[in-house]
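J.: sequence and computational prediction follow.
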Amino acid sequence: RRKEAKSMTVGIGLYAMRFMVNALIAAGDDNPHKSTAELSLVMFAFDPEGHLHPCVNNLRLVLPDSTEELTAMLEEKRRKFAKAEEHGRIPCEQLHDISQRVMASAAVADTADEPGASKAPGASKAPGASEAPA
């Protein structure tokens, strides 16, 4: 019975599992950094001090926020939600908003400027050209 109680307190929890499932789903995304960012959130949750900078770097590849903004956001989460009795661990539930932003994000680099990228309809036509004669 005592082992059950211990495993319940050191388990990874539902939100951490969601982040890992998101990472698996994101692995097939056009932006491979989403998967890494999701896993990085889990690592940050378990060791906020040790994984702050790697998490910021991984989020930076996915989100448009600056390094300073991401650092401030994660520091605020750590300040508000870190559990001293669990060695500073942050419940993944408190990072869910960031995870949602990661999964909803497009690539940070603007792909419209890349050669061969699709553009708005009619964007590749010569100036003054029309679809059909008037």
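T.: Looks like it came in fine.

J.: when you work out contacts or count neighbours from here on, use the C-alpha atoms and nothing else.
T.: Fine.

J.: now do the contacts for the residue nearest the centre of the chain.
T.: In the chain, the residue lying closest to the centroid (CA atoms, centre = their mean) is Val102, at 3.2 Å. Val102 is in contact with Lys34, Ala37, Glu38, Leu59, Val62, Leu63, counting by CA atoms under 8 Å, 6 or more residues apart in numbering.

J.: if you set the cut-off to 10 Å instead, what comes out?
T.: Contact analysis of Val102 by CA atoms under 10 Å, 6 or more residues apart in numbering lists Asn22, Ala26, His33, Lys34, Ser35, Ala37, Glu38, Leu59, Leu61, Val62, Leu63, His96.

J.: look at it and report its pLDDT.
T.: You'll see Val102 listed with a pLDDT of 97.

J.: look up how far Ser40 lies from it.
T.: When distance is defined by CA to CA, to the nearest Å, Val102 is 11 Å away from Ser40.

J.: overlap in contacts of those two?
T.: Taking CA under 10 Å, 6+ apart as the criterion, Val102 and Ser40 both touch Lys34, Leu59.

J.: ok, and for the strand or helix carrying Lys77, which residues are buried?
T.: Following DSSP states H and E, one finds Lys77 within helix 67-81. With burial defined by 16 or more other CA atoms under 10 Å, the residues of helix 67-81 counted as buried are Leu70, Thr71, Leu74, Glu75, Lys77, Arg78, Phe81.

J.: just give me the neighbour total for the residue lying closest to the third one once chain neighbours are set aside.
T.: Closest residue to Leu74 apart from its sequence neighbours, by CA to CA, 6 or more residues apart in numbering: Leu52 at 7.3 Å. As a burial measure, the neighbour count of Leu52 was computed by other CA atoms under 10 Å and equals 20.

J.: isn't Leu52 right up against Thr67?
T.: No. If you go by CA atoms under 10 Å, Leu52 and Thr67 don't touch, sitting 11.3 Å apart.

J.: and Ala37, what is it in contact with?
T.: Contacts for Ala37 (CA under 10 Å, 6+ apart) come out as 19, 22-23, 26, 43, 54-63, 98-99, 102-103.
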